[in-house]
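Undergrad: build me a model:
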Amino acid sequence: MRRLSYLVLGLILFATAPVMAADCPTLVQQALAATDSLCHETGKNQACYGNIKLSASPNFHAENFRFDQPGDLVDLHAIKSLQLSPMTLDTGEWGVALMNVEANRPSAKPANLTIVAFGDVALENTVALPTMMDVSVRGRSPINVRSVPNLKAGVIGTVKPKQMVQAVERLADSTWLRVNVADSDLTGWVKTDFMSSGGDLSALNIVDGNQPHYGPMQAFTFKSGSGAQNCAEVPQDGLIIQTPEGAGEVQLWINQVVVKMGSTIYFEAQADGDMTVAALEGHATVNALGVTQTAVAGTQVHIKMDHDLNPVAGPTVPEAYTMDNVVHLPVDLLQRKINIHKPLTKEEIAQAQENSCPNCNGNQNQNCPGNSCDQGKGNNGNCPGNSCHDQCPGNSC
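TA: Predicted coordinates:
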């Protein structure tokens, strides 16, 4: 955790002092400038207190937890929940937080996502507290580490005899263990029969072997305010999540909805209302209750939520968002600068759905939502799915 000098704190608190209602745009600018200044050194799996006011609840194991002043940094492992303040003109409050989140991808190096939360937003980390146990190979032969718990699955690493690795999770029947792959940031699976440990394996967290290994704030619940803002320059409460350059597609678990993205995505969610997933650039593939839809740049999908923020229906078909709803979003706080995509027309959306083109061999249309081409040759650089080439702005190459 990092504390600012009194001089810098004084400047920031001055910047966030109450202003008149007529200065609403100024308040927004000051809040974003303060967050940008204070949070530019946020490290991997850290949260930064960007602007007043927000409160945080620690996990029970967190020691010396303090996250109550602009500029404070805290490890995501220590956070159980966050609550940010809505825009309040008479006090000059508007909560802004920035997080750098390591998001694992199957059989690939982790990517550090940027999450910006602003306004009336509540988040709760739903990832179980990590469990770890040292294990080693039982015999004299190396053991393969596989991408999923199946002897026919791809090999992503090995464990050598006498080499100690950390087991972090297990299947319900304990037949397979998920371990940290040595000399990498990957996790994979080993057959329990081939391993020995000095502890009780039942102490490890139980997971679904077909799901990725979720770290802190890779799986969470959140809700955002639904009321009208005090002025047009205040963005609607919510989250922006962005993958970095060349990171590929990553998977998150948000309100019991699987979101795979390689892009910059804006989220809103209200209990007994909708969770909205809007692709500002790139794409987001959304799955809820067995239904999958892909929002390409310039479109959004909705998922109906119950009172507990669980999905009660699959995602809707993509529709264009309204530019007025996204134009003031704080995208300047993101690590990778973007231009928010203009809303697509109905004709462009229809064309995008037709051109999912899994076999386009690099000659895909700019509205192709999936962009699953590997070659990327001949791509015009504007494809919203961005798994084609490093010229694509969504960067899920």
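Undergrad: find me the pLDDT at residue 360, would you?
TA: For residue 360, the pLDDT comes out at 36.
Undergrad: and residue 46, bridged to which residues?
TA: Legend: beta-bridge partners of residue 46 under DSSP bridges are residue 75, residue 100.
Undergrad: give the contact list for it.
TA: Counting by CB atoms under 8 Å, 6 or more residues apart in numbering, residue 46 makes contact with 73, 74, 75, 76, 99, 100. The way it works is simple: take the backbone N, C-alpha and C, and place the C-beta from them, glycine included.
Undergrad: ok, which pair from these is furthest apart?
TA: 74 and 100 (12.0 Å; CB to CB).
Undergrad: do you have the strands of the stretch 101-250 of the chain handy? List them.
TA: Using DSSP state E, counting those that start in this stretch, the strands of the stretch 101-250 of the chain run over residues 108-118, 121-125, 133-137, 143-146, 155-159, 164-170, 176-180, 187-191, 195-197, 205-206, 219-224, 238-242, 250-254.
Undergrad: minimum distance to residue 42: which of the ones you listed has it?
TA: In terms of CB to CB, the element of the strands of the stretch 101-250 of the chain nearest to residue 42 is strand 108-118, at 8.8 Å.
Undergrad: average pLDDT across the one helix or strand residue 30 maps to?
TA: In the assignment (DSSP states H and E), residue 30 maps to helix 24-38. For helix 24-38, the mean per-residue pLDDT is 93.
Undergrad: picking that back up, mind putting the strands of the stretch 101-250 of the chain in JSON lines, mean neighbour count and distance to residue 324 included?
TA: Putting these into JSON lines (neighbours: other CB atoms under 10 Å; distance: least, CB to CB, whole Å) gives the following:
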{"stretch": "strand 108-118", "mean neighbour count": "21", "distance to residue 324": "17"}
{"stretch": "strand 121-125", "mean neighbour count": "21", "distance to residue 324": "20"}
{"stretch": "strand 133-137", "mean neighbour count": "18", "distance to residue 324": "53"}
{"stretch": "strand 143-146", "mean neighbour count": "21", "distance to residue 324": "49"}
{"stretch": "strand 155-159", "mean neighbour count": "18", "distance to residue 324": "46"}
{"stretch": "strand 164-170", "mean neighbour count": "20", "distance to residue 324": "44"}
{"stretch": "strand 176-180", "mean neighbour count": "23", "distance to residue 324": "45"}
{"stretch": "strand 187-191", "mean neighbour count": "23", "distance to residue 324": "43"}
{"stretch": "strand 195-197", "mean neighbour count": "16", "distance to residue 324": "57"}
{"stretch": "strand 205-206", "mean neighbour count": "14", "distance to residue 324": "44"}
{"stretch": "strand 219-224", "mean neighbour count": "21", "distance to residue 324": "17"}
{"stretch": "strand 238-242", "mean neighbour count": "24", "distance to residue 324": "15"}
{"stretch": "strand 250-254", "mean neighbour count": "22", "distance to residue 324": "24"}
